[in-house]
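Participant: 3D model of this:
(3 chains)
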Amino acid sequence: MVDRSDLTRMTKVEVVVTGADAPAVRDLFRDAGATGWTSVSGVSGLGHHGEHQGRLLFNQQATLEMIITVVPDDRVDALLAGLRPLLAATSGVMFVSDTWVSRPGYFT
Amino acid sequence: MVDRSDLTRMTKVEVVVTGADAPAVRDLFRDAGATGWTSVSGVSGLGHHGEHQGRLLFNQQATLEMIITVVPDDRVDALLAGLRPLLAATSGVMFVSDTWVSRPGYFT
Amino acid sequence: MVDRSDLTRMTKVEVVVTGADAPAVRDLFRDAGATGWTSVSGVSGLGHHGEHQGRLLFNQQATLEMIITVVPDDRVDALLAGLRPLLAATSGVMFVSDTWVSRPGYFT
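Facilitator: Numbers count the residues shown, from 1 in each chain, chains lettered A, B, ... in the order given. Presented below is the predicted three-dimensional model:
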């Protein structure tokens, strides 16, 4: 493992929802204390996002947006608590992972 | 490390290939038991993807697509076994990483 | 944890900057010994990237680009050393994480 003592570990949360739901996700990020976000457009998907999923439809695509934020550990619980009802209502998905950043002050 | 006892660890596989090869990647995902995928268009790249790589060409770009799936551990081997020949034939690349999800039923 | 003995762990570096700064990031990647990169366009963001961040502006967006590279551990320090001054000058952000690849020769 590379030495990352000059970096700070944080939690990255990636949410994939429809474009219509993206502003609500960003609002939830802000309400949970996230200091910013990165959004990726041009995203499509199937299945993970809850659409009907027949074998014949596996290459069909829904128009989606991926919204990414990075938060310190003490804001993860609030963030996930806020996102769960929205994801349940919209069939969006969420991926949570470790990341390391060089300027922790940007995220706190 | 933040407590993630309310999340389930899975494996995220990100594949970067040409747009022409993307449907074959999604078919391989499905054949290996993945329940869905997320695709990102507007992707370009060099070098990692096997193109000629002279110093002068390092900022040139090929048109690519990133296709992401998340699977439980017991489907990773089948997924990678399916992808290897396609990646070898197309000079695509694959990144494998840990991720945590809130609704494991979506991915199994 | 899934057995990844057939994969090689490397470090993924994701940088989010304005489109104008993206070529400089790719040049820094190359100078640090990265063998390639993947860029995602259609990216927007706020806050993490240093813009003014009032509550009313949280859904406003700047046009950005995400540039991703994967390097072996012995090139991480050089890569981060090269990126720090550019990020400080441009208010870009950087995320560092673990990833596993199937063909390490592509990245060395």
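Participant: and the gap between the residue nearest the centre of chain A and chain B?
Facilitator: For chain A, the residue nearest the mean C-alpha position is residue A:14 (2.1 Å; CA atoms, centre = their mean). Using CB to the nearest CB, to the nearest Å, residue A:14 is found at 8 Å from chain B. From N, CA and C alone the C-beta is placed, and that goes for glycine too.
Participant: cool, and residue A:95?
Facilitator: In terms of CB to the nearest CB, residue A:95 sits 5 Å off from chain B.
Participant: what about the strand or helix carrying that residue, average pLDDT?
Facilitator: Secondary structure assigned from DSSP states H and E places residue A:95 in strand A:93-101. What strand A:93-101 shows for mean pLDDT is 95.
Participant: which strands and helices lie in contact with it?
Facilitator: strand A:8-18, helix A:76-90, strand B:93-101, strand C:93-101 (3 or more CB pairs under 8 Å, 6 or more residues apart in numbering or on different chains; DSSP states H and E).
Participant: relative to residue C:13, how far out is the residue nearest to the centre of chain A?
Facilitator: From residue A:14 over to residue C:13 the distance is 17 Å, taken as CB to CB, to the nearest Å.
Participant: before we move on, what about residue A:44?
Facilitator: From residue A:44 to residue C:13 the distance is 26 Å (CB to CB).
Participant: looking only at neighbour counts, state which of these two leads.
Facilitator: residue C:13 (26 against 18; other CB atoms under 10 Å in any protein chain shown).
Participant: hmm, that one is touching residue C:82, no?
Facilitator: No - Residue C:13 is not in contact with residue C:82 according to CB atoms under 8 Å; the separation is 10.6 Å.
Participant: re the thing from before, redo the helices and strands packed on strand A:93-101 as JSON lines? Include distance to residue A:68.
Facilitator: Shown next, in JSON lines, are the helices and strands packed on strand A:93-101 (distance: least, CB to CB, whole Å):
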{"stretch": "strand A:8-18", "distance to residue A:68": "5"}
{"stretch": "helix A:76-90", "distance to residue A:68": "12"}
{"stretch": "strand B:93-101", "distance to residue A:68": "13"}
{"stretch": "strand C:93-101", "distance to residue A:68": "8"}
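Participant: SS state for the nearest residue to residue A:38 once chain neighbours are set aside?
Facilitator: Leaving aside its sequence neighbours, residue A:38 sits nearest to residue C:45 (CB to CB, 6 or more residues apart in numbering or on different chains; 4.1 Å). Three-state call for residue C:45 (DSSP: H, G, I helix; E, B strand; the rest coil): strand.
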